[in-house]
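Undergrad: return a 3D structure for these sequence lines:
(2 chains)
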Amino acid sequence: MSRARKLFEVIDDGGSGLAGGEPRLSARELGLLVGGLNYHALIQPGREFKVIVLRAPDGEFPRLTGYACHRHEWEPNRAVVCTVAVKSTVPATVPADSAPVPLVLDLGGERAEGGATFYDRPGRKAKVLRRARFGAPIAFDALRQGLTDYYEKRITPNRRPQRLAPIESSAPLPRPSEHGERAIIFGLHWLEMGGAERWAIETIALAREAGFLPIVLTDRESAHPWIVRPELDGALVLPVNLPISDEEETQLLLALLTKFEVHGIHVHHNGWLYHRLAWFKAMDPRIRTADSLHVVEWRTGGFVELAVKLSNAIDMHHVISPQLRDYMVLQRDVPKEKVSLAPLYGLNEVHAVPKVEKEPGRPFTISFVGRLSQQKRPYLFLRYAAQLKRSADREVRFILHGSGALEEETSRLVAKYGLTDHLELRQPPHPVDDTLADSDLLVISSDNEGLTLTTFEATAQDVAVLSTDVGSQASLVSAKALVPRQPLAFIREAVERTKAIMASEELREEIVEEQRQKIAALKELPEARKWTTELYEGWKA
Amino acid sequence: MTDQVAAVVVTYNRVDKLGRVLDSILAQTRPVDRLIVIDNASTDSTPQLLSVYDDDPRVEVVRLDSNTGGAGGFAAGMERAYERGADWVWIMDDDCYTEETALQKLLSGHAEAEQELGRNVPYSCSLVRYTDGSICEMNNAGATWDWGRLIAKGQRAVLITNCSFVSVLIPRRSIAKYGLPLVEYFIWFDDMEYTLRISADGPGVQILDSVVTHDMPTNRGVNFGDLNPGNAWKFLYGARNESSYRWHHDDKLAWVQFVATTYAWMVKGGVGRRLQLRVAKEILAGLKFDPKPKMARSVR
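TA: Numbering: from 1, shown residues only, chains lettered A, B, ... in the order given. Model prediction:
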């Protein structure tokens, strides 16, 4: 049974599991159903709902809010799993109509991950991109990185988006007297695996620990596999499918403001909520607002650019790296006092493990640890490995540890580059610690990063890290082991530097030592979890 | 949190003056948070002198593998200071004695200028005196057309277009936006190029109450009429660097003016034909020479 906050009472659970018992729905589906029902219960207080619950094939996204819920037909591949009847427990300000509201809630299917990559979308353009991308991954990447360079050097420094004007004056709303519960609103893309989401989920738990009701809004399509996470227990989760009508949006926003005592809004990755911060601040200036920013997206500007544009509606920007702090304050002229640097190293508590003497005479071992995604560029690691294997004068072994969308390409390239006998593929749940314990060098080939947590883990295991010079990697990785992001330059320099490291254990140890020093310096900064706890304490007033 | 100031001193074989320079920096009324000394691979007893400061946690000595010139030294020191998280970098030569309020006055003068001008000021510099108390000819800052704008408002500061690297206070913002001095210049005109580059959004200021003394052998400015076989190496760098800057980053007329003035000075100073030709060669080399600045990385 879902442990999330419910804004309704169950009249007939239809075997769904809403009222307990043997459920027809999985825990994830039940979480989505509760989320969808909460949304409708909130915007139509006091009403009764008769709900048809659909299940879709794998890969299809849920439809829980908006127009789709009010249509009385559905795709032929949707199955009616059950029907439920519920009544909103949100107090109505005017007597509610007693007739039940018919709703159709589509819970989607399994394995529907949000955020399709540029080549994974429908249409002819994506088809061409897909062919180019998988036909010549390195050449295609070289063009992409060239485009990023162009944006980084020519476009981004000259970007001057029109900034939101400051709110000069507004009067606070009266707090709801009876049913108001102290709440913090959170904005996320989705509830699925991701660095920003991992941090968002942590902050939701911190808000609950601080005595707030977390209200969690998502604005992107996803199966939301993390809706079952224990951190969301007791939270009010509203998985919103956009677009919603202006009328529904008004009802939703007003309900949030009037049914709860909203003390703060913390935006992680949620464009919809970002754009409504000014409205919240203008409606009630007592509401405190903050966002958490992770990486600069050179090509699109990303959430960092949005945060700069809307900075006048945001009281505090939390940034996780020195690079982002400098970007916001020095390049984008956001006032220094509005930017707080609090790194996320506490997400994974890293304990130094006793140094294990590596077996003498064993081959030098180089690993890749991370999701097999476009951002991490496993294909580039493989090309580097092939080049190194050809030119190294001693035996070298590779471990590629990870899973993800590029698994098939990765397996194909391992064979194509002749690495089958030299490279071991490992996948979760194989522990990352084991892979690092087997390694001398960790290679990070990503085209963008914030602060990589694997570098913390590698350092604790006495593993040197060689990384692309992206994001704030310079805050963690030795200057001697930073290489360019551009693929051809990456392969050339990474191979040269690896050979130097293989030839000198002293150099390898110097690099690890610099990692340790940099981590120690970072740890002098406030840690994100502690910083956020203090922020929420301040929001209690 | 208070702003962090890192002083950067670049030194090369100047052991007789360096100690006094460092002591004057460490005795500032507004203390520096860090003092980075770039030893440009000195061959005298500089390392022994610097070892005296081993116990001072504020002092960080970086010994380079080879002499990279003033440009390379300042770039290395500023990069180190930036990576260490400095909000301000205060740079100077190894024969520059700072008066004890030099930094305090620079910081307050810089802030007052920014307030009055309503914009960020890219850098501020001190008034540089020679050992006899007169103005140091080598380190005269270039004044803007409206140099008296701040004086009219009661401030002791002059608006300037450029200055030399003798007591210059550079905010982190300028380094983040415009990068580091050009290492490839090696020596001469690196300071002029840098202060001109970082002034893209408006000129810097000279704070008249912030005073330092430049202990040079003679009080003379740069003049191509003084060129001789013994000092030619410096002038040749200067010719190439200024030619490069004027051609690529100023305007072509300024380049023509530079060439004409240089030639006139050499003729006036009786510089021999051979040296004149070498200077001409370097001026031409400047047309192809256009290094790009390295950007500093945010580490802390």
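Undergrad: residues in contact with stretch B:244-252?
TA: Outside stretch B:244-252, the residues that touch it by C-beta atoms under 8 Å, 6 or more residues apart in numbering or on different chains are B:189, B:192-193, B:196-197, B:254-255, B:257-258, B:286-287, B:289-291. All C-beta spots, glycine's among them, are computed from the backbone N, C-alpha and C.
Undergrad: sorry, slip of the keys, the one I care about is stretch B:186-195.
TA: Contacts for stretch B:186-195 (C-beta under 8 Å, 6+ apart): B:68-72, B:74, B:122-123, B:161-165, B:168, B:181-182, B:185, B:204, B:222, B:234-235, B:237-238, B:241-242, B:245, B:249.
Undergrad: now the end-to-end length of it.
TA: End-to-end span of stretch B:186-195 (C-alpha to C-alpha, to the nearest Å): 16 Å.
Undergrad: average pLDDT for that stretch?
TA: Computed over stretch B:186-195, the mean pLDDT rounds to 96.
Undergrad: tell me how far it lies from the chain's centre.
TA: 7 Å (C-alpha atoms, centre = their mean, to the nearest Å).
Undergrad: if we can go back for a sec, I'd like to know which of the contacts of stretch B:244-252 is nearest to B:V5.
TA: B:R197 (22.0 Å; C-beta to C-beta).
Undergrad: which ones are touching the residue lying closest to the closest one once chain neighbours are set aside?
TA: In space, and not counting its chain neighbours, B:R197 is closest to B:Y178: 5.3 Å by C-beta to C-beta, 6 or more residues apart in numbering or on different chains. Contact analysis of B:Y178 by C-beta under 8 Å, 6+ apart lists B:122, B:197-198, B:200, B:293.
Undergrad: what of A:R286?
TA: Contacts of A:R286 (C-beta under 8 Å, 6+ apart): A:172, A:263.
Undergrad: next one: B:S243
TA: B:S243 touches B:255, B:258-259, B:282-287, B:289, counting by C-beta under 8 Å, 6+ apart.
Undergrad: mark which of the contacts of stretch B:186-195 are buried, thanks.
TA: B:68-72, B:74, B:122-123, B:161-165, B:168, B:181-182, B:185, B:204, B:222, B:235, B:237-238, B:241-242, B:245 (16 or more other C-beta atoms under 10 Å in any protein chain shown).
Undergrad: go through the chain and flag its longest strand.
TA: I'll assume chain A. strand A:79-88 (DSSP state E).
Undergrad: actually it's chain B I care about, not the one you picked
TA: If you go by DSSP E, chain B has its longest strand at strand B:204-214.
Undergrad: what pairs with it, parallel or antiparallel?
TA: strand B:96-98 (antiparallel), strand B:124-129 (parallel), strand B:157-162 (antiparallel) (DSSP bridges).
Undergrad: next SSE after it?
TA: helix B:232-249 (DSSP states H and E).
Undergrad: what mean pLDDT does that following helix have?
TA: Helix B:232-249 comes out at a mean pLDDT of 96.
Undergrad: alpha carbons of it, as PDB, please.
TA: Provided in PDB are the C-alpha atoms of helix B:232-249 (Å, rounded to 0.1, in the frame of the first residue of the first chain):
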ATOM      1  CA  ALA B 232      68.300  44.300 -27.000                       C
ATOM      2  CA  TRP B 233      66.600  41.000 -26.000                       C
ATOM      3  CA  LYS B 234      64.000  42.900 -23.900                       C
ATOM      4  CA  PHE B 235      63.300  45.400 -26.600                       C
ATOM      5  CA  LEU B 236      62.900  42.700 -29.200                       C
ATOM      6  CA  TYR B 237      60.200  41.100 -27.100                       C
ATOM      7  CA  GLY B 238      58.600  44.500 -26.600                       C
ATOM      8  CA  ALA B 239      58.600  45.200 -30.400                       C
ATOM      9  CA  ARG B 240      57.000  41.900 -31.300                       C
ATOM     10  CA  ASN B 241      54.500  42.000 -28.500                       C
ATOM     11  CA  GLU B 242      53.300  45.600 -29.100                       C
ATOM     12  CA  SER B 243      53.200  45.000 -32.800                       C
ATOM     13  CA  SER B 244      51.100  42.000 -32.300                       C
ATOM     14  CA  TYR B 245      48.700  43.800 -30.000                       C
ATOM     15  CA  ARG B 246      48.400  46.900 -32.200                       C
ATOM     16  CA  TRP B 247      47.800  44.900 -35.300                       C
ATOM     17  CA  HIS B 248      45.400  42.300 -34.000                       C
ATOM     18  CA  HIS B 249      43.600  44.000 -31.200                       C
END
